[in-house]
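Undergrad: Provided below for reference: sequence and predicted model.
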Amino acid sequence: MRSLFLCSALLGAACSSTSAQPSKRQPAQQPTAVVATVGSASITLAEVDEKALQQPTANFSGKLAQALYDARRVTLDEMVASMLMDQEAKARGVDRATLVEKEIADKVGPVADADVAAWYQANQGRVQGATLDQ
């Protein structure tokens with residue numbers, strides 16, 4: 001559970017430090033289409049698809065087109081966050097692990113069992129039948 005909280009905090013911190021803007025250079029369905037720009041680096045649809053298509057389909061519900069969109073969106077968000085983290089680490093002259101330690105791990109307190117149980121109770125519909133222990 002702590003990893004989930006750290007990842008959420010990491011993504012929030014990364015996205016707040018630099019903006020990533022979707023690009024409209026080419027139609028979005030072309031593999032060479034730039035779907036996001038992070039600083040001076042571009043992410044193409046082909047790069048997103050390469051990683052998105054590795055995700056299990058059980059992570060997505062609904063029609064195939066929606067599943068593909070969802071997989072692309074999740075993967076693009078992960079790629080943008082990763083690039084933002086790398087850029088911020090480089091700008092500070094540290095490696096990514098040091099940046100994560102300074103900006104996230106050092107600032108996040110331990111998660112109490114009661115907090116985990118409360119989140120689990122409030123999010124029963126999202127855990128897809130998983131028990132609290134899982």
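TA: Sure, I can see it.

Undergrad: immediately after the longest helix seen in the chain, which helix or strand?
TA: The helix that spans the most residues within the chain, counting by DSSP state H, is helix 64-92. As assigned by DSSP states H and E, the chain's next helix or strand after helix 64-92 is helix 96-100.

Undergrad: Please identify the buried residues of that following helix?
TA: Of the residues in helix 96-100, those buried by neighbour count under the rule 16 or more other Cβ atoms under 10 Å are 99-100. C-betas here are computed from N, CA, C, even on glycine.

Undergrad: now for it, which elements pack on it?
TA: Helix 96-100 is packed against helix 64-92, with contacts defined by 3 or more Cβ pairs under 8 Å, 6 or more residues apart in numbering; DSSP states H and E.

Undergrad: Report the buried residues of the longest helix of the chain.
TA: Across helix 64-92, burial judged by 16+ other Cβ under 10 Å covers 67, 70-72, 74-76, 78-81, 83-89.
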